[in-house]
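Visitor: need a 3D model of the sequence below.
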Amino acid sequence: MTQGPQYFDPADPRCKAPYGAAPSGTRVRFTLRPPCSAGFSRGFLAARWEFDGDRVTELALPWTGRDGAVDCFSGELDTAGYVGLVWYTLRLEGIDGRSWRSPEFQLTVYDAEERVPGWFGEGVTYQIFPDRFRRLTVPDPAGMVGGRWVHQGWEEEPEYRPDHNGEVRNRDFFGGSLAGIVEKLPYLKGLGVDTLYLCPIFEAAENHRYGAADYEKIDPMLGTGEDFAALCGGAHALGMRVMLDGVFNHTGFVSKYFNGDGFYPGPGAFQSKDSPYYDWFTFQDWPQKYTSWWGIYSLPTTRKESGAWLEYITGENGIIRSWLRAGADGWRLDVADELPDFVVAAIHAAARAEKPDAVVIGEVWEDGSNKIAYDLRRRHLLGGHCDGLMNYPLRSALLDYLLGSDARNFRASMEALRQNYPGWAFSSAMNALGTHDTPRVLTLLGVGSDKKDQPRDWRAGYRMTQAERERGLARLKLGALVLYAFPGSPTLYYGDEAGLEGFEDPFNRRTFPWGREDAGLTAWFAALGRARKELEPLRRGELEWLRCEGRVLSFARRLGEKTVVAAVNAGEKPARLDLPWDGRVALGAMEGRLLRFGPYGDCLTIL
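Guide: Numbering: from 1, shown residues only. Predicted coordinates:
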């Protein structure tokens, strides 16, 4: 038996319908299409139902006629009563004993009842690292948790060197606040922002606040509960929503729950086995030996099987519902793969119970439809779990393209996701070129790599040359155009629109350069934000690929009779692009355009 020629393409509607993932209960039609000259007489499909104990069924695909010079062998697979992944292979047999077999393909079958609010995926998201966005006064850290200190100068460099104990403690703060964000809401509105995604805002010892000390309290350096209410009210008045960062896989060593340094008055799990929080953690040898995230002692891992912990997070008066009640509109789940499926499902249910249009977005770095974590296939996108995921596969594919990869590769990567993801998940992805966990995109595109081969001190002090910066700016503008035109929420990491540069953490977390922004780059992002808001197909139109080859990447978003085309030439030479109406567009070297046209072929250049 040989694979040989390919007689089946899951992306071809003549071979598989409907396209991509299917709601449970769908009868999915499969058709093998070998040439008549190949002489095959029978076809079969073998389906392995992974979420039903790897049960295998075989479906006959009888000959159903010819399509020109092609034989068609067709049949329908009934997915009624099943939610999960189906792995299928196809084979052909001839009367002379010859056979052909396909590779294994994935079919995602998701809950047909799932409904995802459209506001997140349709809008523009702006990610804020609160300590570094905007401060109004220099705060006094006296009495605050963590032994923190504050930079007096806003433009100083973040501390990255180990302390006298050889530990990088992240206790240097700049004093950005919620009130500072409120002051800049008009600026964000001018960028076309629809959703504010805030990195953690709860009390914590470290400047990144990813090790919560008290989920019930706004970090005092950021403000108060009243300040949070003012932020949500101000954002809502301008038509924006607020998404919080939920870090529930672990707490801080310095926290009222673990209380490793004794800062809090009540006994934490580290002080006493009688602590109400003792059950939240897993100790191998109390109190010194315990399970922590990736072995980092300052981030003790929560025990998800603790009923008290789960109630605290997802109960009627738990953290998820309380902060939605206080004004938030959704949650981004940090390290979603570290949370068992039952926890993610409980968070999703709590969010929807409090606000029916609340959204839950998960941090997953790979294809989330088939992710295996801790030897378990995850249910992230089958319904009732995550409404969308951070789209790191898009980031990787788009950066590769901008740095020289063939546009075909970007299309292939995105088609693989589109085939595996339910439509609502593909449209609700958080699409970003940079985040707090990645080097600044301008630096990557200008320098060409993360320079991990250089010493950390070198990366700390490096600034791009003029040539590198110009190259980075040109590439970033092209990448941003693709991002804002693509399905899913274009997500802008604070300061990327202002031209901030820097390698990894904390150099990617420098303060926003108020008064020193790159005006041209900011204007570009503002124009893209206006286009996303004004051109309806960019928010909810169907994706249709156009020319994707070499250095030219183009696609259309269609909604009824309205169509918008995004076209990018990332090459060093001009290119011409045939458009879906009777005409062509000349694309200069390193140029991008956004074009709108209607049923009569009228065209308007936006960018």
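Visitor: could you pull out the buried residues of the helix or strand hosting Phe410?
Guide: Assignment of secondary structure by DSSP states H and E places Phe410 within helix 407-420. Of all the residues in helix 407-420, those buried under the rule 16 or more other Cβ atoms under 10 Å are Ala407, Phe410, Arg411, Ser413, Met414, Glu415, Ala416, Leu417, Arg418, Gln419, Asn420. In short, each C-beta sits where N, CA and C put it, glycine included.
Visitor: which one of the residues you listed is nearest Gly225?
Guide: Nearest to Gly225, judged by Cβ to Cβ, of the buried residues of helix 407-420 is Leu417 at 39.1 Å.
Visitor: shouldn't that closest one be in contact with Asn370?
Guide: No: look at Leu417 against Asn370 with Cβ atoms under 8 Å: they stay out of range, at 10.7 Å.
Visitor: nearest residue to the residue nearest the centre of the chain in space, please, no chain neighbours.
Guide: Central residue check for the chain by Cα atoms, centre = their mean: the C-alpha nearest the mean position is that of Met390, 1.1 Å away. For Met390, ignoring the flanking residues on the chain, the nearest one in space by Cβ to Cβ, 6 or more residues apart in numbering is Met430 at 4.6 Å.
Visitor: which neighbouring elements make contact with the helix holding Phe410?
Guide: strand 105-110, helix 392-402, strand 542-549, strand 552-559 (3 or more Cβ pairs under 8 Å, 6 or more residues apart in numbering; DSSP states H and E).
Visitor: redo that, cut-off 10 Å
Guide: Secondary-structure packing of helix 407-420 (3 or more Cβ pairs under 10 Å, 6 or more residues apart in numbering; DSSP states H and E): strand 105-110, helix 392-402, helix 423-427, strand 542-549, strand 552-559, strand 562-569.
Visitor: just the ones you listed: most buried one?
Guide: Highest mean neighbour count of the helices and strands packed on helix 407-420: strand 562-569, a mean of 24 (counted as mean count of other Cβ atoms under 10 Å).
Visitor: what's the angle from that one to helix 407-420?
Guide: 140 degrees (axes from the mean of the first three to the mean of the last three Cα atoms, to 10 degrees).
Visitor: if we can go back for a sec, adding distance to Ile347 and mean pLDDT, write the helices and strands packed on helix 407-420 out as a markdown table.
Guide: Formatted as a markdown table, these follow (distance: least, Cβ to Cβ, whole Å; pLDDT from 0 to 100):
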| stretch | distance to Ile347 | mean pLDDT |
| --- | --- | --- |
| strand 105-110 | 18 | 98 |
| helix 392-402 | 21 | 98 |
| helix 423-427 | 16 | 98 |
| strand 542-549 | 30 | 97 |
| strand 552-559 | 32 | 97 |
| strand 562-569 | 35 | 96 |
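Visitor: can you tell which of the ones you listed is closest to Ala350?
Guide: Nearest of those (Cβ to Cβ): helix 423-427, 19.7 Å.
Visitor: C-terminal to that closest one, what's the next element?
Guide: Past helix 423-427, the next helix or strand by DSSP H and E is strand 430-432.
Visitor: following that next one, which helix or strand shows up next?
Guide: With DSSP H and E, the next secondary element past strand 430-432 is helix 441-447.
Visitor: quick revisit: which one of the helices and strands packed on helix 407-420 lies nearest to Arg171?
Guide: Taking those one by one with Cβ to Cβ, helix 392-402 is closest: 28.9 Å.
Visitor: now the closest one, how far from the chain's geometric center?
Guide: 12 Å (Cα atoms, centre = their mean, to the nearest Å).
Visitor: from the contact counts, what lies against that helix?
Guide: By 3+ Cβ pairs under 10 Å, 6+ apart, helix 392-402 packs against helix 407-420, strand 430-432, helix 441-447, helix 466-485, strand 552-559, strand 562-569.
Visitor: what do you get if the cut-off is 7 Å, keeping everything else the same?
Guide: helix 407-420, helix 466-485 (3 or more Cβ pairs under 7 Å, 6 or more residues apart in numbering; DSSP states H and E).
Visitor: any regions of this structure where pLDDT drops low?
Guide: 1-5, 598-607 (pLDDT under 70).
Visitor: wait, is Arg91 part of a strand?
Guide: Yes: assessed with DSSP: H, G, I helix; E, B strand; the rest coil, Arg91 lies in a strand.
Visitor: what's the neighbour count on the spatially closest residue to it that is not a sequence neighbour?
Guide: The shortest distance from Arg91 to any non-neighbouring residue, by Cβ to Cβ, 6+ apart, is to Arg101 (4.4 Å). Burial measure for Arg101: 16 neighbouring residues, criterion other Cβ atoms under 10 Å.
Visitor: again, but for Asp437
Guide: Neighbours of Asp437 using other Cβ under 10 Å come to 13.
Visitor: ok now do it, which residues does it touch?
Guide: Residues near Asp437 by Cβ atoms under 7 Å, 6 or more residues apart in numbering: none.
Visitor: one more time with 10 Å
Guide: Residues near Asp437 by Cβ atoms under 10 Å, 6 or more residues apart in numbering: Glu363, Trp365, Met390, Tyr392, Tyr493, Glu504, Asp505, Asn508.
Visitor: nearest to Gly560 among the residues you listed?
Guide: Met390 (30.3 Å).
Visitor: Leu389: which element?
Guide: strand 388-389.
Visitor: I meant Lys256, not that one.
Guide: Here Lys256 is assigned to no helix or strand, by DSSP H and E.
Visitor: can I get the buried ones among the contacts of Asp437 as something I can paste into ChimeraX?
Guide: Only the buried entries of these go into this ChimeraX selection, using 16+ other Cβ under 10 Å:
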select :363,365,390,392,493,504,505,508
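Visitor: and of the contacts of Asp437, the nearest to Met590?
Guide: Tyr493 (22.3 Å).
Visitor: what about the closest residue to the closest one other than its chain neighbours, how many residues nearby?
Guide: Distance criterion Cβ to Cβ, 6+ apart; nearest residue to Tyr493, sequence neighbours excluded, is Gly434 at 4.4 Å. Gly434: 26 surrounding residues under other Cβ under 10 Å.
Visitor: my guess is Gly434 meets Leu398, correct?
Guide: No: checked against Cβ atoms under 10 Å, the pair Gly434 and Leu398 is beyond contact range at 11.1 Å.
Visitor: list residues touching both of those two?
Guide: Shared contacts of Gly434 and Leu398, counting by Cβ under 10 Å, 6+ apart, come down to Val441, Gly479.
Visitor: list the buried ones in stretch 284-298?
Guide: Those would be Pro287, Tyr290, Ser292, Trp293, Ser298, for stretch 284-298 by 16+ other Cβ under 10 Å.
Visitor: what is the most widely separated pair among these?
Guide: Pro287 and Trp293, at 17.6 Å, using Cβ to Cβ across the buried residues of stretch 284-298.
Visitor: can you map out the strands along the stretch 51-200 of the chain?
Guide: For the stretch 51-200 of the chain, the strands defined by DSSP state E, counting those that start in this stretch occupy 55-61, 63-67, 70-78, 84-94, 99-101, 105-110, 125-128, 149-150, 172-173, 195-198.
Visitor: now distance to Leu333 too, for the ones you listed, in a markdown table please.
Guide: Converted to a markdown table, these look like this (distance: least, Cβ to Cβ, whole Å):
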| stretch | distance to Leu333 |
| --- | --- |
| strand 55-61 | 31 |
| strand 63-67 | 46 |
| strand 70-78 | 33 |
| strand 84-94 | 21 |
| strand 99-101 | 40 |
| strand 105-110 | 19 |
| strand 125-128 | 15 |
| strand 149-150 | 30 |
| strand 172-173 | 25 |
| strand 195-198 | 12 |
